[in-house]
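heads up, no residue letters with this:
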Ligand SMILES: O=C(O)[C@H]1CSC(c2nc3ccc(N4CCCCCC4)cc3s2)=N1
């Protein structure tokens, strides 16, 4: 055993059985029993969806999609800004075992076509905002059979809204207690397809499996690497759901029974007012927003006694900015995570109570990490700078229809070569210093 290969600690709870869909169904059904337990709140409209509603909506949509012909071999897509309905098709597809491509809602028509051609979805869930762009694209792509609008109360532009699709396809006497998620091989079944620019060129379709999802759920519930499970805890997020950081933190929050306060665009006053009004305990930011808060005196106008954690991810965070934001919010420190779309979610995370300024954290359970010399391939030791490589059960299944690109980033032994340069110190805390 090479001592310069670092292994994450054992998980706090053993990895749960079942598909990602089965695990989500169990959690949502459980929290739906708690009267008034809120799953999602829009920071913009103040509207809520309770776990009870989320259970009904996701099961009825899954039932409707099965009646419509969606199976474990199907692929769907969501192209929408963050909203209350975003995860209804994502979760329904996970119950069925159909793959969902999460498409950047800011893409223009050409980028949309490039990205959809990777996964070739038969149904696209859009929003009122993306409807016209998605309809234009539908006319050019023969594999798209149906568009469904997530956030409209009625049909528009000869496109059906979610409620009417469910009403039309779900049996009138359908009862949630009859519903059961499908069973399939979680190691192979693709759950989500996300876009990654990878190291070069056009975006690629990253295929992530139900097994990848199950490991992420384990990290979310881990008191050391995730959050304590207490239903009703309020989280505020403005991270795009179509990106790995937003997708897999939010799916994890559902398994913890959290109240997820959702923003689709960052507005500083609304963000701070929401932290205060919903007594938010943890919030996610990306480094660019951290920089804004480091400099903004606006924060001092708000009283935030419940805020225990600000978590940063999606890109490296400088030590100075992290410390400035922690001071501004009167927190001990900022929690950081590092991941790639190709690793589902964070594979380095700040362990609870083990904060090292400037470090992006330690290796998570179910993972191994090594730092290699990019010319010789030699495995390096502590405080030696090289390329970070990772191996573990959240590594993607591969890029859609691109074996060549897959083999270029994952070697024959299953190590993913991140393309990021960094080192770990004598206490196994990692530091990112550059991009190759
Ligand atoms: O940089 C990227 O491409 C994306 C791919 S997925 C990803 C991250 N996912 C996560 C998921 C969680 C976190 N946390 C940071 C702080 C510790 C508590 C858990 C949240 C940080 C990150 S960074 N970064």
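Yep, it's here. In this text, all values refer to a predicted model and were calculated from it rather than measured experimentally.

Look up how far residue 141 lies from the residue of the stretch 1-150 of the chain found nearest the ligand.
In the stretch 1-150 of the chain, the residue that lies nearest the ligand is residue 102 (12.1 Å; Cβ to the nearest ligand atom). The C-beta positions use only the backbone N, C-alpha and C, and glycine is treated the same way. Here the criterion is Cβ to Cβ, to the nearest Å. By it, residue 102 lies 17 Å from residue 141.

higher neighbour count, these two?
Between residue 102 and residue 141, counted using other Cβ atoms under 10 Å, residue 102 has the larger neighbour count: 26 against 14.

Run through the bridge partners of the more buried one.
Judged by DSSP bridges, the bridge partners of residue 102 are residue 78, residue 194.

thinking again about what came up before, surely the residue of the stretch 1-150 of the chain closest to the ligand meets residue 78?
Yes. The pair residue 102 and residue 78 qualifies as a contact (Cβ atoms under 8 Å) at a distance of 5.7 Å.

any residues in contact with both of these two?
Common neighbours of residue 102 and residue 78, counting by Cβ atoms under 8 Å, 6 or more residues apart in numbering, are 90, 241, 242.

The last one: neighbour count?
Neighbouring residues of residue 242 were enumerated by other Cβ under 10 Å; the total is 24.

thought it was touching residue 83?
No. Counting by Cβ under 8 Å, residue 242 sits too far from residue 83 to count as a contact (12.0 Å).

Angles on the backbone of residue 334, please.
Per-residue torsions, residue 334: phi -100, psi 140 (degrees, to the nearest 10).

count of neighbours near the closest residue in space to residue 67 that isn't next to it in sequence?
What sits nearest to residue 67 in space, not counting adjacent residues and going by Cβ to Cβ, 6 or more residues apart in numbering, is residue 169, at 4.6 Å. Neighbour count for residue 169, taken as other Cβ under 10 Å: 18.

in the stretch 51-200 of the chain, which spans are strands?
75-79, 99-102, 123-126, 146-149, 160-161, 190-196 (DSSP state E, counting those that start in this stretch).

Give me the residues contacting the shortest one.
Think strand 160-161. With Cβ under 8 Å, 6+ apart, strand 160-161 has contacts from 146, 147, 148, 149, 150, 152, 153, 154, 155, 168.

are any of the residues you listed buried, and which?
146, 147, 148, 149, 150, 152 (16 or more other Cβ atoms under 10 Å).

show me the contacts for the fourth one.
When the contact criterion is Cβ under 8 Å, 6+ apart, the partners of residue 149 are 125, 126, 127, 128, 131, 155, 156, 159, 160, 161, 162.

10 Å instead, please
The neighbourhood of residue 149, defined by Cβ atoms under 10 Å, 6 or more residues apart in numbering, consists of 80, 85, 125-128, 130-131, 134, 155-157, 159-165.

list residues touching both of residue 242 and residue 83?
In contact with both residue 242 and residue 83: residue 105, using Cβ under 10 Å, 6+ apart.

Show me where the stretch 201-350 of the chain has its strands.
Going by DSSP E, counting those that start in this stretch, the stretch 201-350 of the chain shows strands at 204-209, 234-237, 259-262, 282-285, 309-312, 335-339, 346-349.

Out of those, flag the one nearest the ligand.
For the ligand, the closest of these is strand 335-339, at 2.4 Å, according to Cβ to the nearest ligand atom.

That closest one - which strands sit beside it in the sheet, and in what orientation?
strand 309-312 (parallel), strand 346-349 (antiparallel).

chain center to it, what's the gap?
13 Å (Cα atoms, centre = their mean, to the nearest Å).

how about the residues of the chain near the ligand?
The chain comes close to the ligand at residues 226, 244-245, 249, 311, 313-315, 335-341, 345-346, 349-350, as judged by Cβ under 6 Å from any ligand atom.

at 5 Å instead, please
244, 245, 311, 313, 314, 335, 337, 339, 341, 345, 346, 349 (Cβ under 5 Å from any ligand atom).

Run through the residues that contact the fifth one.
Residues near residue 314 by Cβ under 10 Å, 6+ apart: 239-240, 243-246, 284-289, 337-339, 346.

Go again with 8 Å.
Counted by Cβ under 8 Å, 6+ apart, residue 314 has contacts 239, 243, 245, 286, 287.

Just give me the closest of those to the ligand.
For the contacts of residue 314, the nearest to the ligand is residue 245 (4.0 Å; Cβ to the nearest ligand atom).

The closest one - nearest residue in space that isn't next to it in sequence?
Residue 245 sits nearest to residue 314 (Cβ to Cβ, 6+ apart), 4.4 Å away.

same question, residue 257
Nearest one to residue 257, counting by Cβ to Cβ, 6+ apart, is residue 231 at 3.1 Å.

in the stretch 101-250 of the chain, which spans are helices?
109-119, 131-140, 162-169, 210-221, 244-256 (DSSP state H, counting those that start in this stretch).

Kindly apply the preceding question to the stretch 301-436 of the chain instead.
Under DSSP H, counting those that start in this stretch, the stretch 301-436 of the chain gives helices at 319-328, 403-409.

buried residues in the longest helix belonging to the chain?
Under DSSP state H, the helix in the chain containing the largest number of residues is helix 51-68. For helix 51-68, the neighbour count (16+ other Cβ under 10 Å) marks 51-66, 68 as buried.

quick one on the thing from earlier: may I see the contacts of residue 314 organised as JSON lines, with distance to residue 330, pLDDT and neighbour count added?
Compiled in JSON lines, the contacts of residue 314 are given as follows (distance: Cβ to Cβ, whole Å; pLDDT from 0 to 100; neighbours: other Cβ atoms under 10 Å):
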{"residue": "239", "distance to residue 330": "23", "pLDDT": "98", "neighbour count": "24"}
{"residue": "243", "distance to residue 330": "29", "pLDDT": "97", "neighbour count": "18"}
{"residue": "245", "distance to residue 330": "25", "pLDDT": "97", "neighbour count": "23"}
{"residue": "286", "distance to residue 330": "21", "pLDDT": "95", "neighbour count": "19"}
{"residue": "287", "distance to residue 330": "20", "pLDDT": "94", "neighbour count": "18"}
